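>>> need a structure here:
(2 chains)
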Protein chains: 2
Amino acid sequence: MKIKFCYISIGFSVAVALSLFSCVGGGESTEQQSLSDVHPNLVLTPDGVDQIKTSLGNVPLFDETLQVVIKEVDAEIANGIEVPVPKDLAGGYTHERHKSNFFMMQKAGVLFQVTGDEKYAVYVRDMLLAYAELWPTIGKHPAERSYARGKIFWQCLNDANWLVYTSQGYDCIYDWLDESTREKLNKELFRPYAEYVSIENPQFFNRIHNHSTWGNAAVGMIGLVMGDEELITWALYGLDMNVPGDIIKDNDGGDIQLEGQKEAGFFAQIDHSFSPDGYYTEGPYYQRYAMYPFLIFAQSLASKKPELEILKYRDALLIKAVYALINQTNTQGEFFPINDSQKGMSLASRELVNAVSMAYYYGGNDPELLSIVKEQGRVPLNNAGVAAAKGVAEGKAQHFKYKSVQLTDGAEGDEGAIGILRANDLTLVMKYAKHGMGHGHFDRLGFLLYDETGEVIQDYGAARWVNIEHKDGGGYLKENHSWAKETVAHNTLVIDKDSHFDGKVKPADKTSGTPYYFLGGDSVQIVSAKELNAYDGITMQRTMAVVSMDELEYPLVIDLFSVQAPEGTRYDLPLYYLGELMSSNQKIQTNNNLIPMGEHDGYQHLWAEAQSDLQGDIFSMTWFNKKKFYTVTSAIDSGDEIIFTRIGANDPNFNLRRDPGLIHRRKGGNTLFASLYEIHGSYDYSTERPLNSFTSIRNLKVLHQSEAFVAVQFQLKTGENYQFAFSQLDKSESSNHEVETPNGALQWKGIYDLNKINK
Amino acid sequence: MKIKFCYISIGFSVAVALSLFSCVGGGESTEQQSLSDVHPNLVLTPDGVDQIKTSLGNVPLFDETLQVVIKEVDAEIANGIEVPVPKDLAGGYTHERHKSNFFMMQKAGVLFQVTGDEKYAVYVRDMLLAYAELWPTIGKHPAERSYARGKIFWQCLNDANWLVYTSQGYDCIYDWLDESTREKLNKELFRPYAEYVSIENPQFFNRIHNHSTWGNAAVGMIGLVMGDEELITWALYGLDMNVPGDIIKDNDGGDIQLEGQKEAGFFAQIDHSFSPDGYYTEGPYYQRYAMYPFLIFAQSLASKKPELEILKYRDALLIKAVYALINQTNTQGEFFPINDSQKGMSLASRELVNAVSMAYYYGGNDPELLSIVKEQGRVPLNNAGVAAAKGVAEGKAQHFKYKSVQLTDGAEGDEGAIGILRANDLTLVMKYAKHGMGHGHFDRLGFLLYDETGEVIQDYGAARWVNIEHKDGGGYLKENHSWAKETVAHNTLVIDKDSHFDGKVKPADKTSGTPYYFLGGDSVQIVSAKELNAYDGITMQRTMAVVSMDELEYPLVIDLFSVQAPEGTRYDLPLYYLGELMSSNQKIQTNNNLIPMGEHDGYQHLWAEAQSDLQGDIFSMTWFNKKKFYTVTSAIDSGDEIIFTRIGANDPNFNLRRDPGLIHRRKGGNTLFASLYEIHGSYDYSTERPLNSFTSIRNLKVLHQSEAFVAVQFQLKTGENYQFAFSQLDKSESSNHEVETPNGALQWKGIYDLNKINK
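As a prediction, this is how the structure comes out:
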């Protein structure tokens, strides 16, 4: 069943929304009385509790998780209930205490259901009563930095987190509570709390943004627990309210209202936040964060309002989104740190622990998901968790096969994409998606490269230490804007020292990269995309190929960055390798007087440690990291320069990592940057034996570059010559192409051609 | 039995040495005929072979190692024999080929004995015959950089490596060979080879140095195989030859002849290289390298010349040396990188695989060694290896208990020491040993700190990528002298920007640090030492305490660096923390124009990224590394400055890591640098939750400093006050002391006093 969005576009008061509820989905109003009859009935149901009780002892992952949680909650119970008056920012005492409290209430609720031990119910009740005492006595949180200040926490977002988790704990003890306590909590704590994060803060609740997803889920879930249809309606369909006029941006610079936004609420979040492939425009770090409320509310709706068929909505999009997240991880299970992301966030997070078991249980019992559950080593203590633990216990887990995949962006899937090429442990990611709103980086056509050791060519990620109070309270640092978002901080082309879109979110948000060609799965894999908007009057196209070759240990990465621009344009193409420089074929002049490389667009944070006026045909540089060797080989034009950079200038609080980089600098018109990246060799610290520490590439030449075609030739040290040609305008498989090259005419059919030649 | 050294001090020709053999040990001459009668009889004996054959299948570690070796050797046999004409340096083809060859001959020999398969014997024989063909046709190796050029390799050292391993392989097939082949190999290959690395290169063979240990073992072992007593004598007692007058230094600047050196050969190596505690003056990295020839030759002598009782020599010193090595590792099993050392060398190395099993077998079957054998996951394929594998298979392994220990330096144990304090995973190392000859660093009173994540306060190690050809052929880089050895590269005091001993090895080698006090094992552990020679007229004493306190997660490290010097002395005390700076209590001024901090003594390689003119009582800085927090708190004097440094200036080949550091700068006379180091808290990237990320220290004050006493007071944020007082001249446990402090008179009895006070 496809739910039609039911947004009332004419102005009316929130109070009347309930009376209009019957327009939604049809017929649910008759169920109003029974909605709250059975508890628990969100992510844990009476059936689930039975399943758990009969399985205990035979489902190691569940059993172990349960023991861990019992130990943890028992310790907290012994510690006593603390509900302090809100005061601190993230990382501070009151913040961390309230955060711990909501996790504990959710867990204690589950333990009450699973063990039947009333002490857990008592604990949840008493803590809730303490919150019910506190709530009427406090105003807005004293910290004033948020665009939507919370009451318990410094921002509504955290208040919503509290409610999403606490609703689950409350659900578990709801039927156990006496009616007067229930009524007191409903009226004095939960309803006002839900109103606070919704109608009292529409700038928080009514956005298309992960903040609002939390808000919607929070209000919806407590609504489901209490049987409060008004709250459920707000949650599903948003508020018909205007945001106070002076609040137009959030703290990260994101717009409160998207241009042309007509909808809000949970369905609108699903509609707008995900592409048909399940890609979330802010990127995997925020998707992971947003997935928890998406999935936990969806599971709750699946239990309590099955008629909505929420998990089938948009072709089972929420399940697809879990797969999209898994596909956006490296070999260590860590998310690609595109856009604002803290590196290290991974499949081990509690959100993914919930998501993967959930996708297994509700999404068709895919045995490949079980290998991830196994790796996670724990399961959620609910219906999905016990099912996943059972699957693992029964030996059903199968290796998750990461495949090359292009994930489209945009609600309709027509606004760019990210391309992910995989060849065993080599993973190449190219980004030509939408900007990603307030958390987006100006990195069109940027790429990342991984191998089994982790990052090879890195994305800086966000300039932020999440929740670490030392660093500006754990929020985004000013270097996030001045460095991490800027184009020069990424592995993509900077023109005339300006960031893409002049570093402005609004124009960047209006367009996306243009997918051109994606070929995955074979010995030649290709991703190619164009960027037509980042710089006025300039078109860029990047084509990257991952080619498995008999002569090489690892697949070779071919990178052809083609640009059409006026003569005299200045190009800077950065490459953020990780590790220690071993050697270069060029003469390097190091500097003994370092000054920042510029004054804005990120250059103010770069030192030029050295530079090289390039001579000959190629620039080649080998580096070493984590016991392996890597080489970049780039074709050079006369006048090209390489700058050896180091991050860290203009960094008064030591907020930036001192990571190295290369900038390939060129001045010219239409041009092609052609490079090869090799992963090779190894080093063993206990035998001190290096293997294959030198590049296998002898030469690389551009044979042709025009708007329509690019072609390069490269030679291995073993003598083999290869040609790679690519058609940039015509991607018909049947077209015949011919270009002139110094080797004579080069002819091929179809979009690309890779050939061993005798030259 | 204690062997008396038998060095013939009057000039005589090498040729007559054999006739004088009977002066050694007494009576062996009658055994000459039988010496070569049984083979194998070095580290593998007929008894050992029997043991192995009856154990196979029941000793997993041995069985698995055997399978790995069979696979490896079979692949090499399939590959065919290659004995190329020597040409390359380390890392190059011919070097690596010959290196692989000697490993293969040793392994194939063992496989012949264990499996009885003749193909292994044939392989060793044919390869030896190829070497016998090659040997007479080649002169010195074409590369001319070594002070003792080899023939097969660029340096005699590697030629000796070859002979140590090859002797073992040869021993295994000796009895299987027909007599004419044996004779041919003995006469045309091995005897000339042994002469080349001994009498033809006395500057290599006759030193007290790890190079010579290899030379001695090489010549001795082939002597044992062939029953060539002359070679054995040279090996045990050195040559009575003068080194050609123009060779006085090796390539690392080490002296060929130690001052006053009267002895040479294997016994002299044992006498001079190790302290009575088994500490090797060059440090654990070179000890590990030297241990292989020490132990393998000792095992061979134990088999073939049991009357020497070599393993009991100097109170079983060689066994003690294995324990000393184990004690010089961090939680990851990696050696402390003091002096010239490449980080990452560890108990996993082949030398230690041999050493630990050997110490188990010959040293009394200590079950704690078996846990290390288990961790190594392999055993040597010899008598010791099968015994260790059996012990592990029988479940005898016990956890190796690392204890706090002081390892004295110097042949008599009276020339300094290193002090190692351990408290669970915290390991503090302080160095006040001898200089360490050519591989020593100017780092008297320097320290290193580890926790379970690895390095907390690092020693830079050597500026070298061993065997990695990109980096100057894998040898020492010039930055090893200009940076890594200099005092400012270490965590110890630099005075007037000069390195200790003016950076000169000769005077440094003449003296050592002075151990003052060492207390291990309790909740208060202390190491204290003096340095009286590094700077003329200046005495330094460092006292470090590791104190377990109820209030703190980890033991607290107290560091009191006391110095008596003229007024106007300029002090720089560096601290090489590893990680990202989180926050400081001081105002930091960063620099936007970096120039090297000096012109010599290592300062030329440092950038000053920032500085702080210190205000108030303390400097406090918290950093973050590998998911943990660390804080240094230092008491400050008026006028003190902190400089935030970064390594990397004047580094044309990018040979140095861009690691951060702090320099505490002070100008004055007699003074005390007092600091506290805390390890605290944690961060989890998947929950993004920091714990205990702030220091627990509120204040630190110097209460007293004089030549005789130092006393400090520190306060925790929880309010507790502690006083620590230490007597620097009188270490009697019964003396009563009293000093004046701002808090009044402080009295205590004995060398130190740590007390909680009410101030």
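>>> show me where the stretch 301-450 of chain A has helices.
Remark: helices assigned in the stretch 301-450 of chain A by DSSP state H, counting those that start in this stretch are A:313-327, A:350-362, A:367-376, A:383-393.
>>> Work out the gap between the last one and the centre of the chain.
Per Cα atoms, centre = their mean, to the nearest Å, the displacement of helix A:383-393 from the mean C-alpha position of its chain is 26 Å.
>>> Could you do stretch A:247-263 as well?
The answer for stretch A:247-263 is 20 Å, by Cα atoms, centre = their mean.
>>> first vs last residue of it, how far apart are they?
Stretch A:247-263 stretches 18 Å from its first residue to its last (Cα to Cα, to the nearest Å).
>>> Ok, stretch A:493-506 next?
Taking Cα to Cα, the first and last residues of stretch A:493-506 lie 20 Å apart.
>>> could you say what helices and strands the helix or strand harbouring residue A:612 packs with?
Assigned by DSSP states H and E, residue A:612 belongs to strand A:606-613. Helices and strands touching strand A:606-613, by 3 or more Cβ pairs under 8 Å, 6 or more residues apart in numbering or on different chains; DSSP states H and E, are strand A:589-590, strand A:641-647. Every residue, glycine included, has its C-beta placed from N, CA and C.
>>> List the contacts of stretch A:188-203.
A:14, A:128, A:131-132, A:135-136, A:147-148, A:150-151, A:156, A:159-160, A:163, A:170, A:204-205, A:215, A:218-219, A:222-223, A:225-226, A:228, A:231, A:234-235, A:239, A:241-244, A:247, A:256 (Cβ atoms under 8 Å, 6 or more residues apart in numbering or on different chains).
>>> Output the below-cut-off pLDDT ranges for chain A.
Counting by pLDDT under 70, chain A has low-confidence residues at A:1-36, A:759.
>>> Now with 50, please.
Residues of chain A meeting the criterion pLDDT under 50: A:1-36.
>>> can you tell me which helix in it is longest?
Ranked by residue count, the top helix of chain A under DSSP state H comes out as helix A:93-115.
>>> export the helix or strand following that helix as PDB, just CAs?
Later in the chain than helix A:93-115, the nearest helix or strand by DSSP H and E is helix A:118-134. In PDB, the C-alpha atoms belonging to helix A:118-134 read as follows (Å, rounded to 0.1, in the frame of the first residue of the first chain):
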ATOM      1  CA  GLU A 118      10.100  -6.100  38.800                       C
ATOM      2  CA  LYS A 119      13.100  -4.200  40.000                       C
ATOM      3  CA  TYR A 120      13.700  -3.100  36.500                       C
ATOM      4  CA  ALA A 121      10.100  -1.800  36.200                       C
ATOM      5  CA  VAL A 122      10.500   0.000  39.500                       C
ATOM      6  CA  TYR A 123      13.700   1.600  38.300                       C
ATOM      7  CA  VAL A 124      12.100   2.900  35.100                       C
ATOM      8  CA  ARG A 125       9.000   4.200  37.000                       C
ATOM      9  CA  ASP A 126      11.000   6.000  39.600                       C
ATOM     10  CA  MET A 127      13.200   7.600  37.100                       C
ATOM     11  CA  LEU A 128      10.300   8.700  35.100                       C
ATOM     12  CA  LEU A 129       8.600  10.200  38.200                       C
ATOM     13  CA  ALA A 130      11.800  12.100  38.900                       C
ATOM     14  CA  TYR A 131      11.700  13.500  35.400                       C
ATOM     15  CA  ALA A 132       8.000  14.300  35.900                       C
ATOM     16  CA  GLU A 133       9.000  16.300  38.900                       C
ATOM     17  CA  LEU A 134      11.800  18.100  37.100                       C
END
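>>> and helix A:118-134, how far from the chain's centre?
In this view, helix A:118-134 has its centroid 36 Å away from the chain centroid, taken as Cα atoms, centre = their mean.
>>> Sort out which residues of that helix are buried, please.
By neighbour count on 16 or more other Cβ atoms under 10 Å in any protein chain shown, the buried set for helix A:118-134 is A:120-121, A:123-125, A:127-129, A:131-132, A:134.
>>> okay, the angle between the next helix or strand after that helix and helix A:118-134?
Next helix or strand after helix A:118-134 toward the C-terminus (DSSP H and E): helix A:156-173. If you take axes from the mean of the first three to the mean of the last three Cα atoms, to 10 degrees, helix A:156-173 sits at 140 degrees to helix A:118-134.
>>> Quick check: the residue nearest to the spatial centre of chain A vs chain B, distance?
What sits nearest the mean C-alpha location of chain A, by Cα atoms, centre = their mean, is residue A:284, with 1.4 Å. Remark: distance between residue A:284 and chain B (Cβ to the nearest Cβ, to the nearest Å) = 13 Å.
>>> thinking that residue is in contact with residue A:336, fair?
Yes - counting by Cβ atoms under 8 Å, residue A:284 does reach residue A:336; the two are 5.9 Å apart.
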